[in-house]
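Q: Predicted model and sequence follow; I will ask about them next.
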Amino acid sequence: MKKLVILACAIFLVSSLSVLALDRKKGDIKHGKQIFKEQCKACHNGKKAKKLTPAHKTRAQWKRYLKDNGKKLFRKHNKANVKLNLNEKDINDLWSFCYVGALDSEKPQTCD
């Protein structure tokens, strides 16, 4: 019984940490926009890589893509031999910007 309680607490702790990892309310939207323009739009302009704007994904899609400190983001870019210079705060700021400009937001943004 004691092991079950410890396991349940561990599962709760891990799941709550992943939820807190992306906190759009604490992110800096202006800095997120700057990061998007400098690090995302630099390649995702339709010439080097497929065009990408915050409005290309829904909030849920952006959250899945950026969760776990950008694990999926880094994995996909590493496969393409693209090095990203982003820390945990940058990922959260990027998430905040993408959240307010996502396809299902009040004002989808193209970042132009």
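A: Perfect, I can see it now. Residues are numbered from 1 along each chain as shown.

Q: Need the residue closest to the centroid of this structure.
A: Nearest to the mean C-alpha position of the chain, by CA atoms, centre = their mean, lies residue 66 at 2.7 Å.

Q: how deep is residue 53 tucked in, by neighbour count?
A: By other CB atoms under 10 Å, the residues close to residue 53 number 19. C-beta: built from backbone N, CA, C; applies to glycine.

Q: My read is that it contacts residue 102, right?
A: No. Here residue 53 lies out of contact with residue 102, judged by CB atoms under 8 Å, at a distance of 9.8 Å.

Q: residue contacts, the residue nearest to the centre of the chain?
A: 22, 72, 73, 91, 94, 95, 98 (CB atoms under 8 Å, 6 or more residues apart in numbering).

Q: between those, which has the most around it?
A: residue 98 (32 neighbours).

Q: Now that that one has come up, it's in contact with residue 35, right?
A: No. Using CB under 8 Å, residue 98 is not in contact with residue 35; the gap is 10.1 Å.

Q: Pull the contacting residues for the spatially closest residue to residue 59 that is not a sequence neighbour.
A: Distance criterion CB to CB, 6 or more residues apart in numbering; nearest residue to residue 59, sequence neighbours excluded, is residue 102 at 4.4 Å. By CB under 8 Å, 6+ apart, residue 102 lies in contact with 54, 55, 57, 58, 59, 61, 62, 108.

Q: same deal with residue 86?
A: With CB under 8 Å, 6+ apart, residue 86 has these contacts: 35, 39, 70, 73, 94.

Q: Switch these over to JSON lines; also include distance to residue 45, secondary structure and pLDDT.
A: Converted to JSON lines, the contacts of residue 86 look like this (distance: CB to CB, whole Å; DSSP: H, G, I helix; E, B strand; the rest coil; pLDDT from 0 to 100):
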{"residue": "35", "distance to residue 45": "15", "secondary structure": "helix", "pLDDT": "96"}
{"residue": "39", "distance to residue 45": "12", "secondary structure": "helix", "pLDDT": "93"}
{"residue": "70", "distance to residue 45": "21", "secondary structure": "helix", "pLDDT": "93"}
{"residue": "73", "distance to residue 45": "18", "secondary structure": "helix", "pLDDT": "94"}
{"residue": "94", "distance to residue 45": "17", "secondary structure": "helix", "pLDDT": "95"}
